[in-house]
Structure formats: C-alpha cells, structure tokens
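Asker: A structural model of the following input is requested.
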Amino acid sequence: MSPEAPRSEIPRPLDGRSAGEVTDHRRLGVELFNEVWRLIESREDDDRMLHAAHASRYHWGEAPECKPENLARGEWQVSRVYVVLGRAEPAIWHAQRCLEHCEQAGIGDWDLAYAYEALARAHALAGNAEAGAWKEKARTAGAAIADPEDREHFEEDYTTLG
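Answerer: As a prediction, the model looks like this:
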C-alpha cells in the first residue's frame, strides 16, 4: 500500500478552492450565459445582453475548469447576440472564433454543428453569398449529432436560419 500524497502535491484550482468546488469564474460564466438567454428572449435590455455575453465568455476563459468547448460555446453565444442586434461584422468574427476553437481542439458533434450554424446566420445577416455554404455544412454536421435530443434541438434552431 502506498502512502497518501502530501497535501502540497494535491492539485488545487488556481483560485485556492478545494478540488471539486466550482470556481467564481465558472459560476459567473454560467450565470451570465443563462442571463444572456433570458435577455435574448425578452429583449428588455440589449446593452446588458451584449455586455453579459462578453462577460460570460471572459469568465469561462478565466475558469480553471474551462475546456475548449466552453470557449467555443461562449464565442457562439456572443455571435448570436450580435446577430440579434443586427451587427453582422462582429457576429461573423465571433462565429469564426467559435469554429477555430472547434477545429483546434478537434471538437465535433453539437459544437461543430453550431459553429457552422453561427457562421451561416452571421453571413446571412451580412447578405454574403457564402451563407448558403455554411448552412449546408451546418445541416450535414447537425444530422451527425449523436444524441437524438441534441440533434432535435439543433434541427429546431436550424429551421430558423430561413
């Protein structure tokens, strides 16, 4: 039987919390992400929606628990907010960042389908012809989503592309 590891050798999150506890950055990232969805639906405060989307992505990026898919999802949400606000250029930029996170980390399935969806939506807003190619990539990737409930959710969003 091996002795227990000395306390100093047990990995700890960067903010000093015990292993397994949610960090403040992660908590804020999640809370702000959910607040953005509420604001997208209500449209009660567009400035708050925009700032909350960026803040959510920032806090996720600072959280020790952050994974590449969290970064991709954060960029996707920021892109969606810019689409809601009718601002094509930053929507395209953040959608492209979402795709870059997916490609760099080898992320597929749900996240890749939504990266393509974000690019299709943002380019359509800009009136760019390439929106159709991104929409087709989104359809193909969406059809390959493994989980049936996730695939159904994606298909519902996909139909709003027009």
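Asker: so what's E156 up against?
Answerer: For E156, the contact set (CB atoms under 8 Å, 6 or more residues apart in numbering) is empty. C-beta: built from backbone N, CA, C; applies to glycine.
Asker: Check W76 too.
Answerer: Per CB under 8 Å, 6+ apart, neighbours of W76: 94-95, 98, 111, 114-115, 118.
Asker: a markdown table please, covering those and showing neighbour count, secondary structure and pLDDT.
Answerer: Putting the contacts of W76 into a markdown table (neighbours: other CB atoms under 10 Å; DSSP: H, G, I helix; E, B strand; the rest coil; pLDDT from 0 to 100) gives the following:
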| residue | neighbour count | secondary structure | pLDDT |
| --- | --- | --- | --- |
| H94 | 25 | helix | 98 |
| A95 | 28 | helix | 98 |
| C98 | 30 | helix | 98 |
| D111 | 22 | helix | 98 |
| Y114 | 30 | helix | 98 |
| A115 | 30 | helix | 98 |
| A118 | 29 | helix | 98 |
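Asker: Quick check: closest non-adjacent residue to the residue sitting nearest the centre point of the chain.
Answerer: Nearest residue to the geometric centre of the chain (CA atoms, centre = their mean): R73, 1.0 Å. Once flanking residues are discounted, R73 sits nearest to D111: 6.7 Å by CB to CB, 6 or more residues apart in numbering.
Asker: any weak-confidence spans in this structure?
Answerer: 1-21 (pLDDT under 70).
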